[in-house]
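Peer 1: Return atomic coordinates for the entry below.
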Amino acid sequence: MRHDAELRRRQQNFLAARVARVQSPLASIQLAAETLVLRSRDDDSKRLGRRILEDGERLLRMIDNLLDTTRLEEGRQRLAPQPTNLALRGAAVAAIAERAQR
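Peer 2: Numbering: from 1, shown residues only. Below you'll find the model as predicted:
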């Protein structure tokens, strides 16, 4: 059991280190996409810039989720139940459907 616990700890440390290294270049990509959206006069460039921003934000949320998972497994973070608005679910489905049609 100790061996398994040590292996899990190493895997979590490895994951946390790799995820943290991804955040910096992703932040740079986000900044470049924001600049593209703000400075571009071409509608296609603006649309592509906004898509890069959206995808970057999605990746950042995934990274945050991975880091949160590691913290939860290590006991460094606790869950706090909160009420959820189910009406938001329909908006999320609509957003995904819109992206799928592109």
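Peer 1: Scan this protein for its longest helix.
Peer 2: helix 2-39 (DSSP state H).
Peer 1: What helix or strand is the residue nearest the centre of the chain located in?
Peer 2: Nearest to the geometric centre of the chain sits residue 61, at 2.2 Å (Cα atoms, centre = their mean). In the assignment (DSSP states H and E), residue 61 maps to helix 43-74.
Peer 1: After that helix, which helix or strand is next? Please name it.
Peer 2: Trace forward from helix 43-74 with DSSP H and E and the next one is helix 87-101.
Peer 1: low-confidence ranges in this protein?
Peer 2: 88, 102 (pLDDT under 70).
Peer 1: returning to that earlier point: how far does the longest helix of the chain sit from the chain's center?
Peer 2: Taking Cα atoms, centre = their mean, to the nearest Å, one finds the center of helix 2-39 at 9 Å from the center of the full chain.
Peer 1: Show me what counts as buried in that helix.
Peer 2: For helix 2-39, the neighbour count (16 or more other Cβ atoms under 10 Å) marks 16, 19, 26, 30, 33, 36-37 as buried. To be clear about C-beta, it is placed using only N, CA and C from the backbone, and glycine gets the same treatment.
Peer 1: Just send these back as CSV, with distance to residue 87 too.
Peer 2: Listed next are the buried residues of helix 2-39 as CSV, based on distance: Cβ to Cβ, whole Å:
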residue, distance to residue 87
16, 35
19, 32
26, 30
30, 29
33, 30
36, 33
37, 29
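Peer 1: quick one: which of the residues you listed is nearest residue 70?
Peer 2: Distance to residue 70 across the buried residues of helix 2-39 (Cβ to Cβ) is lowest for residue 16, with 5.0 Å.
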